[in-house]
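> Kindly generate the corresponding structure for this input.
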Amino acid sequence: MGLSGPMIWWPVDFCEQLAAAGFFVIRYDNRDVGRSFRGTGRVTRNDLVKAFLGRPVAAPYSISDMAGDGIALLDHLGIAKANICGMSMGGMIVQTMAIEHPDRVLSVTSVMSTTGSRRVGWQSPKLLPRLLKSPGRGRDAYADATADFWKLIGSPAFPEDPEIVRQKAYDTFDRGLSASGVLRQMMAILTQPNRTVALASLPMPTTVIHGLADKMVHVSGGKATAKATGAELVLIEGMGHDLPRQIWPKVIGSIRATADRA
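Numbering: from 1, shown residues only. The predicted structure is shown next:
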């Protein structure tokens, strides 16, 4: 899953539909979110601004470290190879898993993500101040902040019920929220390398899915990823930076078709 997102951001019924399509589904909390361990190292908002501007900064961990977490989980479960799918930061993670551990990856589906190049996949300038803003204290403050942010990044063609968004926020808060952990994840994203050249060497089937209305990761990031890998590119009109139920059949169908090519 993506920035600050625990595994429950992959909805249970979405996972059940993947299982019905023939998959054994594994979802997990990335480091620093949900019930996973909390990293160490302090990242300030000033550090993030420096990283955003391309200035040298120290990151507590990298996207490569997070990719290693995914491989370690496969090791723990005794799974030699898997079809992997990631959204947003999760897309960066699965791309890196495929680059650094190609023998463990059967296929890759990268959703609303990018290559790490600063020339593509940029954010709307309106979003950075909101990302750096503290959500406040407590469940209600977090739910309010999430609902406001969702209005900016959600799919305009598939608007989510505000009450569903708030309940997702409450569930996220209850599962385990770390404001400092989210800043560490943001730093990993901002200091990631440009994977464009490395992506060209991927031997496994790859599909890229991206929304044409994505304000969090511009569609140029998805197009660049597909161009680098020679992947199947699936562009969805009216899709923002979320996973609305209306597009689940297309996403699940794409994951299934990509795995079948393997």
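> quick one: buried residues of the least confident helix or strand in the chain by mean pLDDT?
Within the chain, no helix or strand scores below helix 127-132, which has a mean of 76 by mean pLDDT, DSSP states H and E. By neighbour count on 16 or more other Cβ atoms under 10 Å, the buried set for helix 127-132 is Leu127, Leu131. C-betas here are computed from N, CA, C, even on glycine.
> gap between the next helix or strand after that helix and the chain center?
Counting by DSSP states H and E, the next helix or strand C-terminal to helix 127-132 is helix 139-153. What separates the centre of helix 139-153 from the centre of its chain is 18 Å, taken as Cα atoms, centre = their mean, to the nearest Å.
> Which residue comes closest to Pro6 once chain neighbours are left out?
Leaving aside its sequence neighbours, Pro6 sits nearest to Gly34 (Cβ to Cβ, 6 or more residues apart in numbering; 3.2 Å).
> do you know how far the one you found is from Leu190?
22 Å (Cβ to Cβ, to the nearest Å).
> and what of Gly136?
23 Å.
> Among those two, which residue is more densely surrounded?
Taking other Cβ atoms under 10 Å, Gly136 and Leu190 do not tie; Leu190 has more neighbours (19 against 12).
> Spit out the contact partners of the residue lying closest to that one once chain neighbours are set aside.
Of all residues not flanking Leu190 in the chain, Ala51 sits nearest, at 3.8 Å (Cβ to Cβ, 6+ apart). Contacts here follow Cβ atoms under 8 Å, 6 or more residues apart in numbering; on that basis Ala51 touches Val57, Ala59, Met187, Leu190, Thr191.
> just the strands in the protein please.
82-87, 105-111, 206-211, 232-236 (DSSP state E).
> now, of the ones you listed, which is deepest in the fold?
Burial of the strands of the chain is given as mean neighbour count (mean count of other Cβ atoms under 10 Å); strand 206-211 ranks first at a mean of 27.
> Name the residues that touch that one?
Contacts of strand 206-211 (Cβ under 8 Å, 6+ apart): 98, 107-113, 155, 217, 219, 221-223, 225-226, 229-236, 238-241, 250-251, 254-255, 257-258.
> Of the residues you listed, which qualify as buried by neighbour count?
For the contacts of strand 206-211, buried by 16+ other Cβ under 10 Å: 98, 107-113, 155, 217, 219, 221-223, 225-226, 229, 231-234, 236, 239-241, 251, 254-255, 258.
> And Ala224, how far from Gly138?
Applying Cβ to Cβ to Ala224 and Gly138 gives a distance of 40 Å.
> One more: Val111?
31 Å.
> From the chain's centroid, how far away is stretch 15-28?
18 Å.
> Rounded mean pLDDT for it, please.
Stretch 15-28 shows a mean pLDDT of 98.
> What segments of the stretch 1-150 of the chain are helices?
12-20, 45-52, 63-77, 89-100, 127-132, 139-153 (DSSP state H, counting those that start in this stretch).
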